[in-house]
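Trainee: Model the structure of this input:
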Amino acid sequence: MKLEKTLNISHESIYVHVYADKAKGGELYKHLRCQKKRRKRYGSGKNRRGIIKNRVGIDKRPKVVDKRKRLGDWEGDTVVGRRIVRNRHKGFLITLVDRKSRLTRMEKNDSKEAPEVSAKIIKLLE
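Mentor: The predicted model follows:
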């Protein structure tokens, strides 16, 4: 008996096609069960945030910093707030922690754009 070849198409591929059709002016999206503006993707697993250019990994920092023997080695982070207005997060928290003393400095920021965050970090370190 000869096996028939079947074409397997995932549901994600169908949604991609439907939304591409909508972008071209098509009307396939009108036949979707839920008429939401955008559908959350599941199963992709790919990081959609992008890659930071010239990024230096945490494993590349000097060994003396890992030992926490000296003051002045700061670690920073940005915390994104939960509140969303017009599909954008509102409220960001910039944190700096001295690795030896654990002294923590925090400042609220309205944007996560690099120039504004850099200015806040400089202000926190003064």
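Trainee: distance of Ile84 from Glu107?
Mentor: According to C-beta to C-beta, to the nearest Å, Ile84 and Glu107 sit 21 Å apart. Quick note: C-beta positions are derived from backbone N, CA and C, even for glycine.
Trainee: again, but for Arg55
Mentor: Taking C-beta to C-beta as the criterion, Arg55 is separated from Glu107 by 23 Å.
Trainee: between those two, which one's more packed in?
Mentor: It is Glu107, of Arg55 and Glu107, that has more neighbours when counted by other C-beta atoms under 10 Å, with 14 against 7.
Trainee: my guess is the more buried one meets Leu125, correct?
Mentor: No - taking C-beta atoms under 8 Å as the contact criterion, Glu107 and Leu125 are not neighbours in contact, 10.8 Å apart.
Trainee: Any buried residues in stretch 114-126, and which?
Mentor: Of the residues in stretch 114-126, those buried under the neighbour-count criterion (16 or more other C-beta atoms under 10 Å) are Val117, Lys120, Ile121.
Trainee: Please list all residues in contact with Arg83.
Mentor: Listed by C-beta atoms under 8 Å, 6 or more residues apart in numbering, the contact set of Arg83 reads His89, Lys90, Gly91.
Trainee: Torsion angles phi and psi at it?
Mentor: In this entry, Arg83 is assigned phi and psi values of phi -70, psi 130 (degrees, to the nearest 10).
Trainee: Can you report how many residues lie near Glu4?
Mentor: In terms of burial, Glu4 registers 5 neighbours under the definition other C-beta under 10 Å.
Trainee: OK, contacts around it?
Mentor: Remark: with contacts taken as C-beta under 8 Å, 6+ apart, Glu4 is in contact with nothing.
Trainee: what's the pLDDT at it?
Mentor: Turning to Glu4, the model gives it a pLDDT of 71.
Trainee: so who does Gly81 touch?
Mentor: Each residue near Gly81 by C-beta under 8 Å, 6+ apart is listed here: His89, Lys90, Gly91, Phe92, Leu93.
Trainee: Quick check: it vs Leu32, distance?
Mentor: Look at Gly81 and Leu32: by C-beta to C-beta, they are 31 Å apart.
Trainee: And for Lys112?
Mentor: Going from Lys112 to Leu32 by C-beta to C-beta gives 33 Å.
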